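Peer 1: Prediction below, plus the sequence it came from.
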Amino acid sequence: MSTASSNDIWAVAQSPWLWVCALVVFAVIGVQSWIYIRAARAAGEDVGISRRDLNRAFRSGAAASVGPSLAVVLVAIALLTLFGTPAVLMRIGLVGSAATETASATIAASSMGADLGGPAWTQEVFVVAFFAMCVSGGAWMLFTLIFTPILKRGSRRIARVNPRAMAIIPGSALLAAFMALTITELPKSAIHVIAVLVSGASMAAMMWLARRFDLGWLKEWALGLAIIIALAVIYVVHHGHLG
Amino acid sequence: MNTADLAMSRFEHTTARWGRATMGAVLMVSLAAPLILLAVGDFDITFSQLLTAYLAVAAVYLVLAMVEPITYFPILGQAAMYQAFMIGNIANKLLPAAIVAQNRLDVRPGSRKGDLVAVMAICGAAVVHIVSLLLFVGVLGTWLLSVVPEPVIEIAQLYILPAILGAVVVQAVVTVRQARSTGFALVMSLLVILVLVPLAPAIGPFGIALAVLLTVLASWFFRGPSGPQEEDGDADGDRPVVPGAAASAESGEHRPPRS
């Protein structure tokens, strides 16, 4: 256990201490959601949105995240052998994504002359990489804690100076963020383009159907279905190419 | 201050205080985890090795960690910021969930109802996030890894993001219902991502933020004579339809200008 240059990552990575940390993190996320739900319900009636609609919003959010969550699970389990279970839960479960964390670990490992999962991927390299990933991920939270109150004051001031700004800014920022994120994917490969087009077209078709025939459930599940349709088409294209 | 203002400011107050507290707690635990490993294990690791590794990672990600909270603030609003930057997976999971719910309930992002709906949707997504990770990664992870065929994992790894984003863009356009902003967002994103970033790769980490900033500015300065109401219709059902009355009423409708 103390032969730290060993390749047996799991002896360290499955430490009960890490399990405790991972479970505490998940528990805090759960507590936060509970507090937020109570706060939203307390405000709902006075703002003019019923308890039933808030519950529907919760359910829509849950339904919409099933597809993305399963995809995240698939990517996360691929990292299990490298990082062990609690570290994967902590790093994927918290701010960050599989891509960010894999890249961070690769960079940190190479600073010690090691490759991810290569012969030099020892317990020591794992601990150093995990340290770098945790501190790097913490930066997002730190800056959020610092910037949010400042930005909140700024948005209050803008709203006071010109109230109409708050009717335009959130929507246009949302559109720009997702257009830019999507366009970033396009030059990566032809299959990325197909993924965006199939997914977008499926969503457009389902939104039309949902509106035409008044299908509320379809609005909730359309995202998951669009992801599945797009991935199925890509699976055929990708493997059709390879023969 | 009317009842709606009061209720909303209570909501903002509660979520800000508890949002900060929970995020602070998670930040502590996630920093403590590697330190505990270092303390209880018998490793031959120097401080300079830790510092070098972190600086190498920070060189790539520190700027992003600073820019992303600013970029997403106008979209998320104060309360959801403390959820989103704790849970992560913002573009691929939490914001899509919020957009789906806002579309389902026909409320506009940035309005009061829109904010409450987004927070509830993100809570729903957070619960699915936690349960799916604990169950399928924590409990069944090693077993799943042995039964899921490699090509399936490979496809998920490579193409999940474009497969999510294509659908979300369409839904965002339908939900936001600002024709002008949609046009500006498309033009500015194409300009920044396909022209500016390849010309000056240093822009890279700021690409999304720059597209957002340019779109917000363009949408604001070219908003048209009577603002978004004329092209949007009334999404929340409680907004005045008369353009003249809209401006004054909206100081109450949107994130209220007071503490």
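Peer 2: The structure has been received and is ready for your questions.

Peer 1: Just to check, A:Val66 is in contact with B:Val127?
Peer 2: No. Counting by C-beta atoms under 8 Å, A:Val66 stays clear of B:Val127, with 11.0 Å between them. Quick note: C-beta positions are derived from backbone N, CA and C, even for glycine.

Peer 1: is the longest helix along chain A anywhere near chain B?
Peer 2: Identified as the longest helix of chain A according to DSSP state H is helix A:123-161. Yes. If you take C-beta under 8 Å from any C-beta of the partner chain as the test, helix A:123-161 does meet chain B, through A:123-124, A:127-145, A:147-149, A:151-152, A:155-157, A:159-160.

Peer 1: shaky segments in the stretch 1-150 of chain B?
Peer 2: By pLDDT under 70, the low-scoring segments of the stretch 1-150 of chain B are B:1.

Peer 1: returning to that earlier point: I'd like the next helix or strand past the longest helix of chain A.
Peer 2: Going down the chain from helix A:123-161, the next helix or strand is helix A:165-185, by DSSP states H and E.

Peer 1: tilt between that next one and helix A:123-161?
Peer 2: Note on geometry: by axes from the mean of the first three to the mean of the last three C-alpha atoms, to 10 degrees, helix A:165-185 and helix A:123-161 are set 150 degrees apart in direction.

Peer 1: Output helix A:165-185 as CSV, nothing but the C-alphas.
Peer 2: Output of helix A:165-185 as CSV, limited to C-alpha atoms (Å, rounded to 0.1, in the frame of the first residue of the first chain):
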residue,chain,number,x,y,z
ALA,A,165,-32.5,45.8,-21.1
MET,A,166,-33.5,42.9,-18.9
ALA,A,167,-36.1,41.8,-21.5
ILE,A,168,-33.4,41.6,-24.2
ILE,A,169,-30.1,40.6,-22.5
PRO,A,170,-30.9,37.2,-21.0
GLY,A,171,-32.5,35.9,-24.2
SER,A,172,-29.9,37.2,-26.6
ALA,A,173,-27.1,36.0,-24.4
LEU,A,174,-28.6,32.5,-24.3
LEU,A,175,-29.0,32.4,-28.1
ALA,A,176,-25.4,33.6,-28.6
ALA,A,177,-23.9,31.1,-26.2
PHE,A,178,-25.6,28.1,-27.8
MET,A,179,-25.1,29.3,-31.3
ALA,A,180,-21.4,29.8,-30.6
LEU,A,181,-21.1,26.4,-28.8
THR,A,182,-22.8,24.7,-31.7
ILE,A,183,-20.7,26.4,-34.4
THR,A,184,-17.5,25.4,-32.4
GLU,A,185,-18.5,21.8,-33.0
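
Peer 1: Tell me which helix or strand comes right after that helix.
Peer 2: Downstream of helix A:165-185, the first helix or strand assigned by DSSP H and E is helix A:190-212.

Peer 1: Now do the contacts for B:Ile36.
Peer 2: A:17-18, A:21 (C-beta atoms under 8 Å, 6 or more residues apart in numbering or on different chains).

Peer 1: Serialize those residues to JSON lines and add fields for distance to chain B and neighbour count.
Peer 2: Shown next, in JSON lines, are the contacts of B:Ile36 (distance: C-beta to the nearest C-beta, whole Å; neighbours: other C-beta atoms under 10 Å in any protein chain shown):
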{"residue": "A:Trp17", "distance to chain B": "5", "neighbour count": "16"}
{"residue": "A:Leu18", "distance to chain B": "6", "neighbour count": "23"}
{"residue": "A:Cys21", "distance to chain B": "4", "neighbour count": "25"}
